[in-house]
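Participant: Next one to model:
(chains A and B)
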Amino acid sequence: MKRSRTFLPILKETPAEAKIVSHQLMLRAGLIRQTSSGIYAWLPLGLRVLKRIEQIVREEMNRAGAIEMLMPTIQSADLWRESGRYDDYGKEMLRITDRHDRDLLYGPTNEEMITDIFKGFVKSYKDLPKNLYHIQWKFRDEIRPRFGVMRGREFLMKDAYSFDLDEAGARASYNRMFLAYLNAFARMGLKAVPMRADTGPIGGDLSHEFIILAETGESAVFCHADLVDMPPPGLDLDFDADLQLLVDQRTALYAATDEMHDEAEFAHIPADKQLSARGIEVGHIFYFGEKYSKAMNAAVVGPDGAERFVHMGSYGVGISRLLGGIIEASHDDNGIIWPQSVAPFDVGLMGLNIDKPGVAEACEDLYAKLQAAGLEVFFDDTGERPGSKFATCDLIGLPWRVVVGPKGLDKGVVELKCRKTGEVEELTPEAALKKLIQTRATI
RNA sequence: CGGGAUGUAGCGCAGCCUGGUAGCGCACUUGUCUGGGGGACAAGGGGUCGUAGGUUCGAAUCCUGCCAUCCCGACCA
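Facilitator: Numbers count the residues shown, from 1 in each chain, chains lettered A, B, ... in the order given. Model (predicted):
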């Protein structure tokens, strides 16, 4: 993508309303634009990142055996009256009336709808287990939206719903999601710690929040320090195997959010391993048994011919929130530092003194070759001064930067800089191309 | 919803107290010089001062209502 052709509204100054660094950088780097309190337009650069995060989550869901579908944002109030949540959910739910005066709502979550769809088709234990998910916009009319996309009212969420014949099956489904989440977050360069969590209004008796540690996190969290650096299960995990042991390894050590915190238990951790910090919740998984299947009569016939309610779980990932979370975890004074797996572009290419002989040609040549190799390239082909181009490239956080200038060209080299380490190398254009192709292959 | 604050050009702000031609920096346009870390100079363009009333000869400025946005708290992917 050439900068001259895209839409990248960079801000030099920090908008006054943004208080935390991720929000400030998202506005400054032209990722989002607020349109109402807690509601954002996704600008081209932000959308690219959103799509990449979404795709990682999608791939890890699919790998774990979940099936993608898409449910609407608008739901009928009747469904929610069936589960009893229409009155329970309170003002957080945005209620709408259509032209026939029918009560509708903008979905804050989809348990009712998926249960309704499921029960219409699945009647036998032979069709179980099933895990259905979608990635769709949600609306929750938060009392106080804040921190940009971290607590917006409209947000993109992946929500998965599992259906099993019994509790043992449901726990196996739960375990698959538990481990798939760890893989997904790791692919985004995040260290997410699963923590025992309150089940909240959804109900049930088994729940974990996935927390990334950040000073600006909304909740206080307490855990054993070893959990932070525990490696993810890995993409070669066999999701058909019994995963209980792997889950147990990751739940044996103490980890809890403040509402579940037990000071006495925490005190048993060796003092040098007691980690008390703040965290951002990026995922939340629940097992809630028959809560919805009973209320909405979602039953299947078992092998013995007897009908029984299915056991369900739900599994959410805040896709749009993850942008904020990743930036909180990965930035410096100059701007965002995207992990390459979610970066809007793999590499920023710029020509200095672009009207000097050979510079524009060398840029175009490299631009074409990088793209032909499958890399996403942000080519700053504008007449901006060098300092301005450098600052922009740092701000938007592209993992690699290639600088083509007349001085280097005289020596037959271009400059390759790593955003994260700051390391600079002078390479021939061919060698730079080769190295960049390698980095793309390893993510 | 309780407490606190703010609305003046795309962004950041001054002006308001003490009413009298709406200003500064960045950004934008044009030109010249520049050209490896957010350039310099010159000349320009852009604002019903959130909104509706009120007071006044006269309101960005004083008063009242409303709206919007933000901060602290309780709630949440």
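
Participant: any idea how far A:E384 is from A:G408?
Facilitator: The spacing between A:G408 and A:E384, counted by CB to CB, to the nearest Å, is 18 Å. Where you see a C-beta, it was placed from the backbone N, CA and C, and this is true even at glycine.

Participant: all helices of chain A, in order?
Facilitator: Using DSSP state H, the helices of chain A run over A:21-28, A:44-63, A:77-83, A:85-88, A:111-121, A:167-187, A:244-251, A:263-267, A:291-295, A:319-329, A:359-372, A:386-396, A:406-411, A:429-441.

Participant: Reformat these as JSON lines; add mean pLDDT, distance to RNA strand B and mean neighbour count.
Facilitator: Shown next, in JSON lines, are the helices of chain A (pLDDT from 0 to 100; distance: least, CB to the nearest atom of the strand, whole Å; neighbours: other CB atoms under 10 Å):
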{"stretch": "helix A:21-28", "mean pLDDT": "94", "distance to RNA strand B": "7", "mean neighbour count": "23"}
{"stretch": "helix A:44-63", "mean pLDDT": "98", "distance to RNA strand B": "11", "mean neighbour count": "19"}
{"stretch": "helix A:77-83", "mean pLDDT": "93", "distance to RNA strand B": "16", "mean neighbour count": "17"}
{"stretch": "helix A:85-88", "mean pLDDT": "86", "distance to RNA strand B": "11", "mean neighbour count": "14"}
{"stretch": "helix A:111-121", "mean pLDDT": "96", "distance to RNA strand B": "12", "mean neighbour count": "19"}
{"stretch": "helix A:167-187", "mean pLDDT": "96", "distance to RNA strand B": "10", "mean neighbour count": "22"}
{"stretch": "helix A:244-251", "mean pLDDT": "94", "distance to RNA strand B": "17", "mean neighbour count": "14"}
{"stretch": "helix A:263-267", "mean pLDDT": "91", "distance to RNA strand B": "17", "mean neighbour count": "10"}
{"stretch": "helix A:291-295", "mean pLDDT": "93", "distance to RNA strand B": "14", "mean neighbour count": "20"}
{"stretch": "helix A:319-329", "mean pLDDT": "95", "distance to RNA strand B": "4", "mean neighbour count": "25"}
{"stretch": "helix A:359-372", "mean pLDDT": "96", "distance to RNA strand B": "9", "mean neighbour count": "17"}
{"stretch": "helix A:386-396", "mean pLDDT": "96", "distance to RNA strand B": "3", "mean neighbour count": "19"}
{"stretch": "helix A:406-411", "mean pLDDT": "93", "distance to RNA strand B": "4", "mean neighbour count": "14"}
{"stretch": "helix A:429-441", "mean pLDDT": "95", "distance to RNA strand B": "12", "mean neighbour count": "16"}
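
Participant: Nearest to A:R151, out of those?
Facilitator: Ranking the helices of chain A by proximity to A:R151 (CB to CB) places helix A:319-329 first, at 7.9 Å.

Participant: gap between the closest one and the chain center?
Facilitator: Helix A:319-329 has its C-alpha centroid displaced from the chain centroid by 7 Å (CA atoms, centre = their mean, to the nearest Å).

Participant: quick revisit: rebuild the helices of chain A as CSV, extending it with distance to A:G305.
Facilitator: Compiled in CSV, those are given as follows (distance: least, CB to CB, whole Å):
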stretch, distance to A:G305
helix A:21-28, 55
helix A:44-63, 33
helix A:77-83, 27
helix A:85-88, 32
helix A:111-121, 19
helix A:167-187, 18
helix A:244-251, 30
helix A:263-267, 45
helix A:291-295, 19
helix A:319-329, 42
helix A:359-372, 61
helix A:386-396, 61
helix A:406-411, 78
helix A:429-441, 54
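
Participant: Out of these, which gets nearest to A:T257?
Facilitator: Using CB to CB, these put helix A:263-267 closest to A:T257, at 12.1 Å.

Participant: Only alpha carbons, please: show the closest one as CSV.
Facilitator: Only the C-alpha atoms of helix A:263-267 are listed here, as CSV (Å, rounded to 0.1, in the frame of the first residue of the first chain):
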residue,chain,number,x,y,z
GLU,A,263,-5.6,-13.8,50.7
ALA,A,264,-4.9,-16.9,52.9
GLU,A,265,-4.3,-19.1,49.9
PHE,A,266,-2.2,-16.5,48.2
ALA,A,267,0.0,-16.3,51.3
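
Participant: and the stretch 201-350 of chain A, which residues reach RNA strand B?
Facilitator: The stretch 201-350 of chain A comes close to RNA strand B at residues A:201-202, A:209, A:218-219, A:281-284, A:316-318, A:320-321, A:334, as judged by CB under 7 Å from any atom of the strand.

Participant: For those, which entry has the maximal number of neighbours?
Facilitator: Most neighbours among those, by other CB atoms under 10 Å: A:V317, with 29 neighbours.

Participant: which residues does that one bridge with?
Facilitator: Counting by DSSP bridges, A:V317 is bridged to A:K158, A:G283.

Participant: Would you mind listing the residues in contact with it?
Facilitator: A:V317 is in contact with A:57, A:157-159, A:181, A:184, A:282-283, counting by CB atoms under 8 Å, 6 or more residues apart in numbering.

Participant: hang on, isn't A:V301 packed against A:K123?
Facilitator: Yes: using CB atoms under 8 Å, A:V301 makes contact with A:K123 at a distance of 6.3 Å.

Participant: what's around the closest residue to A:H134 other than its chain neighbours, how many residues?
Facilitator: In space, and not counting its chain neighbours, A:H134 is closest to A:L70: 4.9 Å by CB to CB, 6 or more residues apart in numbering. Neighbours of A:L70 under the rule other CB under 10 Å: 9.

Participant: gap between A:L70 and A:S83?
Facilitator: For A:L70 relative to A:S83 (CB to CB), the value is 21 Å.

Participant: do the same with A:M230
Facilitator: 37 Å.

Participant: Give the bridge partners for A:C223, please.
Facilitator: Beta-bridge partners for A:C223, by DSSP bridges, are A:A255, A:L275.

Participant: quick one: pLDDT of it?
Facilitator: With respect to pLDDT, A:C223 scores 94.

Participant: who are the neighbours in contact with it?
Facilitator: A:C223 touches A:193, A:195, A:253-256, A:275, A:277, counting by CB under 8 Å, 6+ apart.

Participant: from these, which single one is nearest RNA strand B?
Facilitator: Nearest to RNA strand B among these: A:M195, at 10.9 Å, using CB to the nearest atom of the strand.
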